[in-house]
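S.K.: Below: sequence and its predicted model.
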Amino acid sequence: MKATIRVQLSIMMFLEFFIWGAWFVTMGTFLAKAFSATGGQMAMAYETQSIGAIVAPFIIGLIADRYFSAQKILGVLHLLGAGLLYMAGTSENFDTFYPYILIYMILYMPTLALVNSVAFRQMKDPAKDFALIRVLGTIGWIVAGLVIGFLAWESDNVLQNTFIMAAGAAALLGVFSFTLPETPPVVDKTEKVTVRDILGLDALGMLKDKKYLVFFIASILICIPLAFYYQHANQYLNELGMEGAAGKMTFGQMSEIAFMLLLPIFLKKYGIKMTLLVGMLAWVVRYLLFAYGDAGENTWMLIFGIILHGICYDFFFVSGQIYTDFKAGEKFKSSAQGLITLATYGLGMLVGFRLAGYITDLNALTDGGHNWYDIWVLPAGIAGAVFVFFLVAFKNEKIEVKE
């Protein structure tokens, strides 16, 4: 890969995840403080991610695989998203905030598959090269959290600024996307178009492969407990009195960098099954640490639980994206990435966000706090069950990583 292309892809990944990390982590705290939102309302707000992820394969299958260059669609979606983020940040109540964030996430979630598609198309050996590019996305997420912590937006109760910051970054990426390497459609647009093509369902043929089907099911199930972390971790840490919670949560992304670089080595030596199992087990351990941790003597449990994010995310999500690219046919790599986005950020988290909101409201205390022990034990148990299912049902498969 040319150095200039590597730099371009790295900037793309940095901005893509800076935008997301700039507002998503602290949205629960923002909604609770600014709008006195209930757990159910927080679930509605976070579910917009899942709705966007479910729509994503249809958009990708229509425009990126068949008609328009991926980098151009990426630019248009981010420019539109910049305006929506600004409107969300200036909303005065939950009822006006929700429509903006819903439309925004419907536009944003397809970009996750698009940036992967643009990156993969430039790589001769994705299993080896992708992690080195994707790590810049992690750094982008870290920088966003550190900015929030440095400016003390949590303690000063001005988290609406996070949406304004994200809007600026989205506008920048929108313009920058038009300078990215040309990533034209891979399907001949003169071919007869069927409903299956328009909806981007070609990648569903991957589910005929028993190994990938088991992986697909496990991906949906493991995202149910995952949703608890994204929706309530920042709120939990702030309720415990941890100062600069958003900044400290970037320790997870810092560890993600290290494990991202180790991922190709681990994949080559142990195969996809062991890699995914390690990622699942890390979720169990993390939630148990949260259940028993506190802001006093057991603060180390909270910090260790945060640091585990590197294993939790890289060894399941990033390896899953690589595995999906490995399994996909040449024609439908974008559709395949959209499919795994649907499974993880869509179906699994849709159930997870709703369950997390219900459980959190169920454990609300009269003083405005929550019984967090009971909240965290449940996702730990679910993650443990998925771990056992995958251990028994999935047959190991090694992905060749070229030297």
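M.R.: Perfect, I can see it now.
S.K.: lowest-pLDDT helix or strand in the chain?
M.R.: Taking mean pLDDT, DSSP states H and E as the measure, helix 195-198 is the helix or strand of the chain with the lowest mean score, a mean of 54.
S.K.: which element follows that helix toward the C-terminus?
M.R.: The C-terminal neighbour of helix 195-198 among helices and strands, as given by DSSP states H and E, is helix 210-240.
S.K.: helices and strands around that following helix, which ones?
M.R.: In terms of contacts (3 or more C-beta pairs under 8 Å, 6 or more residues apart in numbering; DSSP states H and E), helix 210-240 is packed against helix 27-35, helix 39-59, helix 245-292, helix 319-327, helix 333-341, helix 349-362, helix 372-393. Every C-beta, even on glycine, is put in place using the N, C-alpha and C of the backbone.
S.K.: what is the mean pLDDT for it?
M.R.: For helix 210-240, mean pLDDT is 92.
S.K.: Could you check how far that helix is from the centre of its chain?
M.R.: 10 Å (C-alpha atoms, centre = their mean, to the nearest Å).
S.K.: And the helices in the stretch 51-200 of the chain, which stretches?
M.R.: Secondary structure of the stretch 51-200 of the chain (DSSP state H, counting those that start in this stretch): helices located at 70-89, 94-120, 126-150, 160-177, 195-198.
S.K.: quick one: which of those is nearest Asn298?
M.R.: helix 126-150 (21.7 Å; C-beta to C-beta).
S.K.: which intervals of the stretch 51-200 of the chain have sub-threshold pLDDT?
M.R.: The stretch 51-200 of the chain contains residues with pLDDT under 70 at 57-66, 127, 186-200.
S.K.: Try it again at 50.
M.R.: Confidence mapping of the stretch 51-200 of the chain against pLDDT under 50 gives the ranges 198.
S.K.: Centroid-nearest residue for the chain?
M.R.: In the chain, the residue lying closest to the centroid (C-alpha atoms, centre = their mean) is Tyr345, at 6.5 Å.
S.K.: Confirm that it sits in a helix.
M.R.: Yes - the assignment for Tyr345 by DSSP: H, G, I helix; E, B strand; the rest coil puts it in a helix.
S.K.: I'd say it and Leu112 touch.
M.R.: Yes - using C-beta atoms under 8 Å, Tyr345 is in contact with Leu112, at 7.4 Å.
S.K.: on that earlier part again, as JSON lines, the helices of the stretch 51-200 of the chain with mean neighbour count would be great.
M.R.: Shown next, in JSON lines, are those (neighbours: other C-beta atoms under 10 Å):
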{"stretch": "helix 70-89", "mean neighbour count": "22"}
{"stretch": "helix 94-120", "mean neighbour count": "23"}
{"stretch": "helix 126-150", "mean neighbour count": "22"}
{"stretch": "helix 160-177", "mean neighbour count": "21"}
{"stretch": "helix 195-198", "mean neighbour count": "12"}
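S.K.: Grab the nearest non-local neighbour of Val25.
M.R.: If the residues on either side of it in the chain are set aside, Val25 comes closest to Asn234, at 5.4 Å by C-beta to C-beta, 6 or more residues apart in numbering.
S.K.: Quick one: residues contacting Gly352.
M.R.: Applying C-beta atoms under 8 Å, 6 or more residues apart in numbering to Gly352 gives the contacts Cys223, Ile224, Pro225, Leu226, Ala227, Phe228, Gln231, Pro379.
S.K.: same thing but 6 Å
M.R.: Cys223, Ile224, Ala227 (C-beta atoms under 6 Å, 6 or more residues apart in numbering).
S.K.: can you count the residues close to the second one?
M.R.: Neighbours of Ile224 under the rule other C-beta atoms under 10 Å: 24.
S.K.: before we move on, the earlier item: could you dump the contacts of Gly352 to CSV with distance to Val386?
M.R.: Below are these laid out as CSV (distance: C-beta to C-beta, whole Å):
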residue, distance to Val386
Cys223, 9
Ile224, 8
Ala227, 13
